[in-house]
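1. Kindly generate the corresponding structure for this input.
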Amino acid sequence: MTKKKLLAAIAGLLVTTGIVVGVFLVLRFVLQSAPLETVMSEQYGNRMIDFELTDMNGNMIPVSASSGKPKLINFWASWCPGCHDEAESLNRIYAKYKDEVEIISVNVTTEDMVEEAQAFLDAYDIQMPALLDEDGTVSAQYMISAIPTNFFVKRDGTIHKITFEITEAGAEAFIKELLVDNENDES
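-> Numbers count the residues shown, from 1 in each chain. Take a look at the predicted model:
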């Protein structure tokens, strides 16, 4: 092969690689900014079920519909690829909205191990409260059939939206709806 043909082949390979990377980046941007797909709509408007679970330090933590704050309740497991994908988005959401929205993560411990859950929390430096559903009661009450599942709950305790994996932009849109609803309730 001549030097000219070799350079042409390398140039072609670089152009092809550039196109593939470009398409990947565009798709990634589009998917991250797309609205979240909502699921389980038959539960919208129903009152959330109050629960109390143990956190990673052994403290019992109540989560109540009557707390007066909107909520984002995230059901997850350490082995779940979607949970890994949304972890950093949840960290940013928590940092931004923790004073206005009660944000709680519930490890579906019947499908996980406490040690693995702790390793996940450490790996992503999760700051939000992480609760353990060790006997699966809360997951069953919330009819969790896929992990991750995220519940957006209004201030009055009614379920607003439910999604599977979230993105930061998609979750923010629902949180803003909760906060606007919160403002309307106060006026």
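
2. In terms of helices and strands, where is I93?
-> helix 81-97 (DSSP states H and E).

3. contacting residues around the next helix or strand after that helix?
-> Once the chain leaves helix 81-97, the next helix or strand it forms, by DSSP H and E, is strand 102-107. The contact list for strand 102-107 (CB atoms under 8 Å, 6 or more residues apart in numbering) reads 53, 61, 63, 67, 69-78, 90, 93-94, 97, 117, 126, 128-133, 138-139. From N, CA and C alone the C-beta is placed, and that goes for glycine too.

4. Please repeat the previous calculation with a cut-off of 6 Å.
-> Contact with strand 102-107 is made by 63, 69, 71-76, 94, 117, 128-133, as judged by CB atoms under 6 Å, 6 or more residues apart in numbering.

5. that older thread, list the buried ones in the helix holding I93?
-> 82-84, 86-87, 89-91, 93-94, 97 (16 or more other CB atoms under 10 Å).

6. can you give me the end-to-end distance of stretch 87-105?
-> 10 Å (CA to CA, to the nearest Å).

7. should've said stretch 129-149
-> 16 Å.

8. Which residues belonging to it are considered buried?
-> 129-133, 138-139, 142, 144, 147-149.

9. Report the mean per-residue pLDDT for that stretch.
-> Computed over stretch 129-149, the mean pLDDT rounds to 94.

10. what's the answer for stretch 59-66, then?
-> Per-residue scores along stretch 59-66 average to 93.

11. for E52, which residues make a bridge with it?
-> P62 (DSSP bridges).

12. how about the contacts of strand 102-107, which pair is most distant?
-> Put simply, by CB to CB the two of the contacts of strand 102-107 set farthest apart are K69 and A117, 24.7 Å from each other.

13. Show me which of the two is the more surrounded one.
-> A117 (22 against 16; other CB atoms under 10 Å).

14. Count residues in the vicinity of D156, would you?
-> 15.

15. Show the pLDDT at it.
-> Looking at D156, its pLDDT is 94.

16. Thank you kindly, that will do.
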